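A.B. asks: build the 3D model from these lines:
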Amino acid sequence: MVTIKKIKVGKHFVEAILTRLGERNLIVLKGRKGYIMCGYLNIKAADKFKDIGVKIVNVSTIEEAVKTKVHSMTYAAKKLGIYKEQEIKDVLEIIV
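C.D. replies: Numbering: from 1, shown residues only. Prediction:
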């Protein structure tokens, strides 16, 4: 089963997607400019594609994902001002 929610960020929305893979949930918060993804994200692959990607860890719900902090990010995300340990709620405003 896939859960999709819209998270309002200012005047825009970020799409929040959650699905079960094996024993863990895959979580993606997708904005127009980039995305935030749980531990399934491969930063090296995202860098290769020049994605604006942010990795979060130790979350199992969309609500936890929104309340956590940046674990790591791609080079393109760094260029936008995203940094390690930044609050995800602040990153959402950048990628929306």
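A.B. asks: quick one, what contacts residue 55?
C.D. replies: For residue 55, the contact set (C-beta atoms under 8 Å, 6 or more residues apart in numbering) comprises 36-39, 41, 43, 70-73. For the C-beta atoms, the positions are set from N, CA and C on the backbone; glycine is no exception.
A.B. asks: can I get those in CSV including secondary structure?
C.D. replies: As requested, the contacts of residue 55 are exported to CSV (DSSP: H, G, I helix; E, B strand; the rest coil):
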residue, secondary structure
36, strand
37, strand
38, coil
39, coil
41, coil
43, helix
70, coil
71, coil
72, strand
73, strand
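A.B. asks: using TSV, please lay out those residues together with neighbour count and distance to residue 60.
C.D. replies: TSV is the format used below for the contacts of residue 55 (neighbours: other C-beta atoms under 10 Å; distance: C-beta to C-beta, whole Å):
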residue	neighbour count	distance to residue 60
36	30	15
37	22	14
38	23	8
39	14	10
41	24	15
43	18	20
70	20	18
71	18	15
72	15	19
73	26	21
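A.B. asks: so which of those residues sits lowest on pLDDT?
C.D. replies: Here the lowest pLDDT out of these sits on residue 41, with 84.
A.B. asks: hmm, residue 53 and it touching each other?
C.D. replies: Yes. With contacts counted by C-beta atoms under 8 Å, residue 41 reaches residue 53, the gap being 6.1 Å.
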